[in-house]
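Colleague: coords below, sequence missing:
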Ligand SMILES: NC(=O)C1=CN([C@@H]2O[C@H](COP(=O)(O)OP(=O)(O)OC[C@H]3O[C@@H](n4cnc5c(N)ncnc54)[C@H](O)[C@@H]3O)[C@@H](O)[C@H]2O)C=CC1
Ligand SMILES: O=C(CO)COP(=O)(O)O
């Protein structure tokens, strides 16, 4: 308001001086547009953060009249082996040489090492950091963002409150810490494939039509299609839970399991994902499980995700998952082991571990408490097979 008044004064002044109405009118129009243009910030710049930056950075260029073309991307500063700073390299080479090498990031994406500066004046904050860091990152952002901003989380993972044994979803942490609304977007989106512009789809959980429309404008393209559901939480939970099943797919392949067994693991895993979600929301509709955030993400992650690959490697080499993250993934974060740990604790607190043998065993394998083959030996005793007959609906 204040700025528009100043602007109007300047426009009036200029118009008297120059008597060039069209010049004045155009200057005013451009300036006031730019004042009302929305700003987008990315909070995170890892493998997915950088790939997503490629997509949204290019797309936002088509939306210049409504959005600032430049997107600030928070990048936790790191000193690379040659002594250079990661943010400086990203901004110079337009490539995240550490987390997404050999993919060009559009030059309207600017890496910023200071978190508060990266989100300053942003209307839309897109969170794409590993879930372990969400709480501390949000704490640092308290009181530093625009009051009417909204968030979108792309993070796959959640916590369980140690005291209350309640699920703490990333969207809720963002909403509660920053006092803004948060939507979720999950789907079959292996980062490098998105950066290479192969077709994919994703599911958005949003209850606010205005925010949904902006998300659609910014992300939905013929090569990256979106579908919307008003269930932020179930969509987010599916994105987290599939990482546990993807690890089991990796363990089984590492053990030389055959296709039938591997398919059974995915089906039983999906069953556990649905049952788990229904502990949170009993009436969740079956349809959402057949969206990209459900079955499709489960498939792609179990065929080619990092959790799958890490688990396979662990079985084949006996290397720990921590070492695999460090040595094979160059510091990228496997979300499966920590999600499995949280899920184990939650189920234990509810005395339900026996109902979720795959989730239970995934955690025990990650902790080296059982050998990977034990979960395959347990498949035949899955509670899924206890039912006598399928009920007619
Ligand atoms: N990579 C993929 O294909 C996909 C990943 N996701 C999800 O997106 C989220 C982020 O994953 P990626 O971008 O792949 O990250 P990543 O796995 O590449 O993790 C590395 C990132 O973590 C950051 N980091 C390290 N320590 C930190 C700290 N203390 N505070 C804040 N950040 C820190 C690093 O700076 C780096 O940006 C995860 O939840 C993942 O499951 C979702 C879809 C696809
Ligand atoms: O979520 C993903 C694809 O949708 C990627 O999973 P990973 O983190 O296991 O690579």
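Modeller: Thanks, I have it. Nothing here was measured: the structure is a model prediction, and the numbers come from that model. Ligands and ions are numbered 1, 2, ... in the order given.
Colleague: ok, now which ones touch the nearest residue to residue 56 once chain neighbours are set aside?
Modeller: What sits nearest to residue 56 in space, not counting adjacent residues and going by Cβ to Cβ, 6 or more residues apart in numbering, is residue 218, at 5.9 Å. For glycine as for every other residue, the C-beta is placed from the backbone atoms N, C-alpha and C. When contacts are counted by Cβ atoms under 8 Å, 6 or more residues apart in numbering, residue 218 touches 40, 56, 59-60, 63, 67, 124.
Colleague: What distance do you get for residue 218 to residue 285?
Modeller: 26 Å (Cβ to Cβ, to the nearest Å).
Colleague: Domain parsing of this protein, as residue ranges.
Modeller: Listed domain ranges for the chain are 39-230, 235-384 (source: automatic domain parsing).
Colleague: Please identify which helix or strand holds residue 59.
Modeller: Secondary structure from DSSP states H and E places residue 59 in helix 47-60.
Colleague: got the residues of the stretch 201-350 of the chain near ligand 2?
Modeller: Residues of the stretch 201-350 of the chain lying close to ligand 2 (Cβ under 6 Å from any ligand atom) are 243, 246, 297, 300-301, 305-307, 335.
Colleague: what number of residues lie near residue 353?
Modeller: Neighbour count for residue 353, taken as other Cβ atoms under 10 Å: 18.
Colleague: Do a quick rundown of the strands in this structure.
Modeller: For the chain, the strands defined by DSSP state E occupy 40-43, 71-74, 109-112, 124-127, 150-153, 158-160, 167-169, 181-186, 200-205, 224-229.
Colleague: As TSV, these with mean pLDDT, mean neighbour count and distance to residue 134 would be great.
Modeller: TSV is the format used below for these (pLDDT from 0 to 100; neighbours: other Cβ atoms under 10 Å; distance: least, Cβ to Cβ, whole Å):
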stretch	mean pLDDT	mean neighbour count	distance to residue 134
strand 40-43	98	26	9
strand 71-74	98	25	13
strand 109-112	98	22	19
strand 124-127	98	25	7
strand 150-153	98	26	8
strand 158-160	96	23	8
strand 167-169	97	21	9
strand 181-186	98	26	11
strand 200-205	98	23	16
strand 224-229	98	18	22
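Colleague: Which elements pack onto the helix holding residue 59?
Modeller: On a contact count with 3 or more Cβ pairs under 8 Å, 6 or more residues apart in numbering; DSSP states H and E, helix 47-60 meets strand 40-43, strand 71-74, strand 109-112, helix 191-195, helix 209-219.
Colleague: make it 6 Å
Modeller: helix 191-195 (3 or more Cβ pairs under 6 Å, 6 or more residues apart in numbering; DSSP states H and E).
Colleague: Give me the buried positions along the helix it packs on.
Modeller: 191-192, 194-195 (16 or more other Cβ atoms under 10 Å).
Colleague: and that helix with ligand 2, contact?
Modeller: No - taking Cβ under 6 Å from any ligand atom as the criterion, helix 191-195 and ligand 2 are apart, separated by no less than 6.9 Å.
Colleague: now that helix: how far from the chain's centre is it?
Modeller: Its chain's C-alpha centre and that of helix 191-195 lie 13 Å apart, by Cα atoms, centre = their mean, to the nearest Å.
Colleague: for stretch 187-198, same thing?
Modeller: On the basis of Cα atoms, centre = their mean, stretch 187-198 sits 13 Å off its chain's mean C-alpha point.
Colleague: Kindly check the end-to-end length of that stretch for me.
Modeller: End-to-end distance for stretch 187-198, by Cα to Cα, to the nearest Å: 14 Å.
Colleague: Stretch 154-171 too?
Modeller: 9 Å.
Colleague: re the thing from before, among the residues of the stretch 201-350 of the chain next to ligand 2, who's most crowded?
Modeller: Busiest of these [other Cβ under 10 Å] is residue 246, holding 30 neighbours.
Colleague: Could I get the pLDDT score of the spatially closest residue to that residue that is not a sequence neighbour?
Modeller: Using Cβ to Cβ, 6+ apart and skipping residues adjacent in sequence, the residue nearest residue 246 is residue 301, 3.9 Å away. With respect to pLDDT, residue 301 has a value of 98.
Colleague: again, but for residue 22
Modeller: Residue 22 is assigned a pLDDT of 49 by the prediction.
Colleague: repeat for residue 35
Modeller: Value for residue 35, per-residue pLDDT: 62.
Colleague: circling back: pick the one among the buried residues of helix 191-195 closest to ligand 2.
Modeller: residue 191 (6.9 Å; Cβ to the nearest ligand atom).
Colleague: and the gap between the closest one and residue 96?
Modeller: Shown here: residue 191 relative to residue 96, a distance of 10 Å by Cβ to Cβ.
Colleague: tell me, what's touching those two both at once?
Modeller: Among the neighbours of residue 191, none is also in contact with residue 96 (Cβ atoms under 6 Å, 6 or more residues apart in numbering).
Colleague: quick revisit: what's the farthest-apart pair in the residues of the stretch 201-350 of the chain next to ligand 2?
Modeller: Longest distance between any two of those is 14.7 Å, between 300 and 335; criterion Cβ to Cβ.
Colleague: residues touching the closest residue to residue 345 other than its chain neighbours, list them.
Modeller: Spatial nearest neighbour of residue 345, chain neighbours left out: residue 160 (5.2 Å); criterion: Cβ to Cβ, 6+ apart. Taking Cβ under 6 Å, 6+ apart, we find residue 160 in contact with 167, 342, 345-346.
Colleague: ok, the one residue in the chain that gets nearest to ligand 1 to residue 187 distance?
Modeller: For the chain and ligand 1, the shortest gap (Cβ to the nearest ligand atom) falls at residue 46, measuring 2.4 Å. Going from residue 46 to residue 187 by Cβ to Cβ gives 17 Å.
Colleague: Give me the more crowded residue out of the two.
Modeller: Legend: neighbour count by other Cβ under 10 Å for residue 46 and residue 187, higher for residue 187 (25 against 21).
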